[in-house]
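Asks: okay, sequence plus prediction incoming.
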Amino acid sequence: MEPDFRRIALEELMTYLNHEMAEARDRVLPEEEWHHLLSSFASTTVEHFARGVKDLLADTAPGGMLDYIIRAQREGSLGFYMALHTGYRKVAFPEITGAFQDFRETGRWGPIEEARRQGYERACHLARRLLEILEEGRKKGTGWVEREVKGIIASIG
């Protein structure tokens, strides 16, 4: 590993550990339901969207990745976060884009924190909605679940 890359990787380690620790602490998507979702909808839009929601929960939770970045005022880590802000996380968390633009112009962390809070609220809402759909899907079938999740995606995208 080249010295600069190694240094950067080591500097970002705590940032990513905060994501993983927040994911492990998450109680919004209970472990039993999470495993049911993964086993029942492997390699589907439902699984991919659920993984995006779970990542967004870990990114935006108190004590999660963005909370750590904000508290430590890690500008470089915020830049990495934005560079890797893709997929369903990007669709479900549009506030961070405007907040980051403001940060680039002013250096103010307040809008980043406000976006984090809004993102966490949305992630919790999406997770609860996924759980409702999964519960009802036990009666209505996997096709119904897939259609409902695609409807959520269409409504936020």
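Replies: Great, that's in hand.

Asks: from the middle of its chain, how far away would the lengthiest helix in the chain be?
Replies: For the chain, the longest helix by residue count, based on DSSP state H, is helix 110-140. Distance of helix 110-140 from the chain centroid (CA atoms, centre = their mean, to the nearest Å) equals 10 Å.

Asks: any regions of this structure where pLDDT drops low?
Replies: Within the chain, the ranges that satisfy pLDDT under 70 run 1-3.

Asks: for the helix or strand containing Met21, which helices and strands make contact with it?
Replies: Counting by DSSP states H and E, the element that carries Met21 is helix 3-25. If you count contacts as 3 or more CB pairs under 8 Å, 6 or more residues apart in numbering; DSSP states H and E, helix 3-25 packs onto helix 45-60, helix 65-72, helix 75-83. Quick note: C-beta positions are derived from backbone N, CA and C, even for glycine.

Asks: what's the most buried one of those?
Replies: When these are scored by mean count of other CB atoms under 10 Å, the highest mean neighbour count falls to helix 45-60 (a mean of 22).

Asks: so that one versus helix 3-25, what angle?
Replies: For helix 45-60 against helix 3-25, the angle by axes from the mean of the first three to the mean of the last three CA atoms, to 10 degrees is 100 degrees.

Asks: many thanks, I have nothing further to ask.
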